[in-house]
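> Here is a sequence together with a model predicted from it:
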Amino acid sequence: MSSTQCTDLGRALCIITGASRGFGRTIAREMSGLVKPGSALVLTARSGDDLRSLEAELAESEAGRAGLVVECVVADLGQMEGLGSVVRASKEAFSEDIDHVILVNNAASLGDVSRDAKSFTDMAEVDSYLSLNVSSSLCLTASILQAFPQLPGLRRSVINITSLCALQPFRSWVLYCTGKAAREMMFRVLAEEEPDLRVLSYSPGPLDTDMQKVARSRTADPSIRKSFSDMFAQGQLLTCEASCAKLMKLLLEDSYTSGAHVDVYDL
């Protein structure tokens, strides 16, 4: 843990899930500008077209022109085959010069927010949600840690993109709140078990994204729906860029307590 802010993230292998749009896409852009030459980005999402457009954008960037390697993996992380393809691509992108492995668990779905908890009687529906939002996050993290074990001179960081919903109940958001709470505890346990690992749960705040659009249009609970609509109408939503800048500052300063939940409004 350093006491002064670094100016870069090292010669890094950055693995970013849900990288095709929204906050994940912004993380990919920002990280690409903070890694040293010889770094690699492994970007995964379900949307191939969006991933390919991001890959082209990064290739044209200063980092791309300096030789940043970008690997795109079109995958459903809710399936074992998808996880396997991300791990394989990460191993292939790794070189002996890499001194920092960074995994960003960003991929998530909102779930059906148009219903109350008592409507979820279909176990297959709930299992499907938890597979993508909880199980895949644990299994991918475990697989990456096994693929890149602790070695002298190799830093390893795991970032969990979390939410206020991990800490507070939101009516009609039972799936999302449950998934975020489970993930947060998962990474707190990981931080306890792996003292050499840097673990952070970062809550980016209410972002102006497609997910927020769904939240304010489909949320069943009228008071929750109104609060999101009011934030949008009053210009209180954060841009992905503004929130991501604070995440990058956190990672560069590297002074957070491993396993901590840090909210954008705490910074």
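Nice, thanks for sending it over. Residues are numbered from 1 along each chain as shown.
> For the rest of this, base every contact and every neighbour count on C-alpha atoms.
Noted.
> can you pull out the helices in the stretch 1-150 of the chain?
Counting by DSSP state H, counting those that start in this stretch, the segments of the stretch 1-150 of the chain that form helices are 22-32, 48-59, 62-65, 80-93, 123-130, 136-147.
> Dump those helices into CSV; add mean pLDDT and distance to residue 212 as well.
Below are the helices of the stretch 1-150 of the chain laid out as CSV (pLDDT from 0 to 100; distance: least, C-alpha to C-alpha, whole Å):
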stretch, mean pLDDT, distance to residue 212
helix 22-32, 97, 10
helix 48-59, 95, 19
helix 62-65, 85, 31
helix 80-93, 97, 26
helix 123-130, 97, 18
helix 136-147, 98, 22
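> So which of the ones you listed is nearest residue 263?
Closest to residue 263 of those is helix 22-32 (C-alpha to C-alpha; 14.8 Å).
> what does that closest one contact?
Here helix 22-32 makes contact (C-alpha atoms under 8 Å, 6 or more residues apart in numbering) with 9, 14, 16-19, 41, 43, 54, 58, 63, 68, 106-107, 209-210, 240-241, 244-245, 248.
> In a markdown table, list the helices of the stretch 1-150 of the chain along with distance to residue 199.
Formatted as a markdown table, the helices of the stretch 1-150 of the chain follow (distance: least, C-alpha to C-alpha, whole Å):
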| stretch | distance to residue 199 |
| --- | --- |
| helix 22-32 | 17 |
| helix 48-59 | 26 |
| helix 62-65 | 26 |
| helix 80-93 | 19 |
| helix 123-130 | 21 |
| helix 136-147 | 11 |
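> Identify, out of those, the most deeply packed stretch.
Across those, averaging neighbours per residue (mean count of other C-alpha atoms under 10 Å) puts helix 22-32 on top, at a mean of 22.
> distance between that helix and the chain's centre?
Centroid displacement of helix 22-32 relative to its chain, using C-alpha atoms, centre = their mean, to the nearest Å, is 10 Å.
> Now do it against helix 48-59, angle only.
Per axes from the mean of the first three to the mean of the last three C-alpha atoms, to 10 degrees, the angle that helix 22-32 makes with helix 48-59 is 20 degrees.
> so where's the protein uncertain?
The model of the chain has pLDDT under 70 over residues 1-4.
> List the contacts of the residue nearest in space to the middle of it.
Taking C-alpha atoms, centre = their mean, the centroid of the chain lies closest to residue 106, which sits 1.9 Å from it. The contact partners of residue 106, by C-alpha under 8 Å, 6+ apart, come to 16-19, 23-24, 160-161.
> Spit out the contact partners of the closest residue to residue 207 other than its chain neighbours.
Spatial nearest neighbour of residue 207, excluding adjacent residues (C-alpha to C-alpha, 6 or more residues apart in numbering): residue 238 at 4.8 Å. Applying C-alpha under 8 Å, 6+ apart, one finds that residue 238 lies in contact with 205-208.
> Over to residue 162?
Taking C-alpha under 8 Å, 6+ apart, one finds 180, 183-184, 201-204 in contact with residue 162.
> That one and residue 105, how far apart?
9 Å (C-alpha to C-alpha, to the nearest Å).
> likewise residue 81?
Residue 81 is 17 Å from residue 105, where distance means C-alpha to C-alpha.
> And residue 33, by the same measure?
Plainly put, residue 33 is 19 Å away from residue 105 if you go by C-alpha to C-alpha.
> neighbour-wise, which of those two wins?
residue 105 (25 against 17; other C-alpha atoms under 10 Å).
> Name the nearest residue to the more buried one, sequence neighbours excluded.
For residue 105, the spatially nearest residue (C-alpha to C-alpha, 6+ apart) is residue 160, at 4.9 Å.
> strand partners of whatever helix or strand that neighbour lives in, parallel vs antiparallel please.
Using DSSP states H and E, residue 160 sits in strand 155-161. Strand 155-161 has its sheet partners listed here by DSSP bridges as strand 100-105 (parallel), strand 198-203 (parallel).
> Which residues does the helix or strand following that strand contact?
Note on strand 155-161: by DSSP H and E, the next helix or strand toward the C-terminus is helix 174-193. With contact meaning C-alpha under 8 Å, 6+ apart, helix 174-193 is reached by 109-113, 116-117, 126, 129-130, 133-134, 137-138, 160, 162-163, 165-170, 197-201, 258-261.
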